[in-house]
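Q: Sequence below, structure please.
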Amino acid sequence: MIPDLIQTFLTLDLFPILAAIFAALSCGLLGNFLVLRKQSLMGDAISHAVLPGLVGAFLITQSRSPGIMFAGAAISALITVVLVEVIKRLGKVEPGAAMGVVFSVLFALGVFMLENASARSVDLDADCVLHGNLQTLFWTTSPTEWNHFLSASIKDEVPRQLWTLLGTTLAVIIFITVFFKELRIASFDAGIATVQGINAGFMHMALMTFVAIAAVASFEAVGSILVIAMLICPAATARLLTDRLITQILVSAVIALLTAIGGYALASWMGVNAAGMMASTAGAILVVVMIGSPSHGIIAKARNQRKLGNLVALEDILGSLYRLAETDEHTTRDRLIATLGFTNRTTKAMDRALADNLVKLVGTHLQLTQSGLAHGAAIIRKHRQWEGYLVDEAGFSPDHVHDTAEKLEHLIDPDLPNQHTDPHGKPIPPK
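A: Residues are numbered from 1 along each chain as shown. This is a model prediction of the structure:
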């Protein structure tokens, strides 16, 4: 005997949650490659462009059979993918612009067809198009015994949308598993993929075909809002958490599951639309990760910028003192800070240089230690090599390179060979 609470869950919530999970997984996994290719808008384009396919299928067959409607939407989605590629290649336009043109035109065409008198019987409203029909996926037989799950009739009691989404999810997982290497290389660099014998164009069309199938399969159950959110948010969130593709795919799958289950739980608790709450949950998770990601988050970037600023201030102090040491000149702490800019960062950098034994006080004058001389020489070496590079290779005038080299000296060492003096005749310290 199934307890009443569990029976209520099985009857009302099991199928909607499973549908949401399958839709989130199928779209979220494919979304990783859309994000890498900078084609995240393709999900938006397909979600809008299926409307003329739905209406056209009804006009041709005069039937609203699920199979016919699905076929019409799938054909429309594939046409969208092809048109985007044609416009992008023949029109030489940016991919986002091509997608925007195609989906807006096809969506407008669908609205025009829908307004046609002969198409008014097509049952499409805002809830269907935007929010889907998760609330209609309940278990009509309301199982009372556990052995009911082993009965032969259970396959007929599961909603058609759930079987469609399950099959789509399995197909997506198999596709990504079998062609992972090809998808990875083609997504990062189509030219390298071609050199290695991978047909980048075919892989692109195969990926877009699966995106179209996943979007259409999810469209009826969860609506276009959740389809668009799932194609972008889990992958974009995972991208902020890792720089490895395989890890990104696994993390995006976990985020998709959290979004589906957590969003449905919140929707049930608050009494709001489930698909809309799932999309909102996906967006909320993305915002949290954007702020707190250890490597790419706003806080981490601010911390890294602060560290870089402190390092630049320290290197400016060491470089200035090295230049003074070359001419046997001396300066005081306050005079050097005033020269570099009397800021809190410069003051802290001076304190750090003294604490790390890079600089020492000899009376009232500052002097580089042996360690400080080595660090200062490395900074000046990079500065003067960059000046030589800007004059010899970039064609700058010698009296216009100092400010640019002062910024580049904090980056990488150009390590140019056979340079002993800079354009002003000053010696370049040895490496």
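Q: Can you name every helix or strand that the helix or strand where residue 317 lies contacts?
A: Using DSSP states H and E, residue 317 sits in helix 298-326. Here helix 298-326 touches helix 274-292, helix 333-340, helix 344-355, strand 359-362, strand 365-368, helix 370-392, going by 3 or more CB pairs under 8 Å, 6 or more residues apart in numbering; DSSP states H and E. Where C-beta positions appear, they are placed from N, C-alpha and C, glycine not excepted.
Q: Alpha carbons of stretch 202-209, in CSV - could you do that?
A: Extracted C-alpha coordinates of stretch 202-209, given in CSV (Å, rounded to 0.1, in the frame of the first residue of the first chain):
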residue,chain,number,x,y,z
PHE,A,202,29.0,18.3,-40.7
MET,A,203,29.6,18.5,-36.9
HIS,A,204,28.0,21.9,-36.8
MET,A,205,24.9,20.8,-38.6
ALA,A,206,24.7,17.6,-36.5
LEU,A,207,24.9,19.7,-33.3
MET,A,208,22.3,22.2,-34.6
THR,A,209,20.0,19.3,-35.5
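Q: And the contacts of it?
A: With contacts defined as CB atoms under 8 Å, 6 or more residues apart in numbering, stretch 202-209 is touched by 30, 33-34, 37, 42, 78, 81, 85, 175, 179, 182-183, 186, 190, 193.
Q: Which of these sits closest to residue 232?
A: Distance to residue 232 across those (CB to CB) is lowest for residue 34, with 7.6 Å.
Q: pretty sure the closest one contacts residue 43?
A: Yes - using CB atoms under 8 Å, residue 34 is in contact with residue 43, at 6.8 Å.
Q: Between those two, which has more neighbouring residues?
A: residue 43 (27 against 22; other CB atoms under 10 Å).
Q: taking the mean pLDDT, what do you get for the helix holding residue 317?
A: For helix 298-326, mean pLDDT rounds to 89.
Q: Just the buried residues of that helix, please?
A: In terms of neighbour count (16 or more other CB atoms under 10 Å), helix 298-326 has its buried residues at 312-322, 324-325.
Q: Quick check: which ranges of the stretch 101-250 of the chain have low pLDDT?
A: Along the stretch 101-250 of the chain, segments meeting pLDDT under 70 span 115-157, 220.
Q: cutoff 90 now
A: Applying pLDDT under 90 to the stretch 101-250 of the chain flags the ranges 101-165, 181-232, 243.
Q: show me where it has strands.
A: Assigned by DSSP state E, counting those that start in this stretch, the stretch 101-250 of the chain shows no strands.
Q: hey, where'd the helices end up in it?
A: Counting by DSSP state H, counting those that start in this stretch, one finds helices in the stretch 101-250 of the chain at the ranges 126, 154-157, 160-178, 180-188, 190-195, 200-241, 245-270.
Q: right, and those - which one's nearest residue 341?
A: Residue 341 sits nearest to helix 200-241 of all the helices of the stretch 101-250 of the chain, at 34.3 Å, using CB to CB.
Q: so that closest one versus helix 245-270, what angle?
A: For helix 200-241 against helix 245-270, the angle by axes from the mean of the first three to the mean of the last three CA atoms, to 10 degrees is 60 degrees.
Q: What distance do you get for the residue lying farthest from the centre of the chain to residue 330?
A: Most distant residue from the mean C-alpha position of the chain: residue 363, 56.0 Å away (CA atoms, centre = their mean). From residue 363 across to residue 330, the span is 9 Å (CB to CB, to the nearest Å).
Q: quick one: contacts of stretch 226-239?
A: Applying CB under 8 Å, 6+ apart, the contact partners of stretch 226-239 are 20, 23-24, 27-28, 30-32, 34-35, 40, 42-44, 47, 132, 211, 214-215, 218-219, 247-249, 251-253, 255-256, 259, 275-276, 278-279, 282-283, 285-286, 289, 296.
Q: give me the number of residues near residue 79?
A: The burial count for residue 79: 17, using other CB under 10 Å.
Q: tell me the secondary structure for it?
A: helix (DSSP: H, G, I helix; E, B strand; the rest coil).
Q: One more: residue 425?
A: For residue 425, the assignment made with three-state DSSP gives coil.
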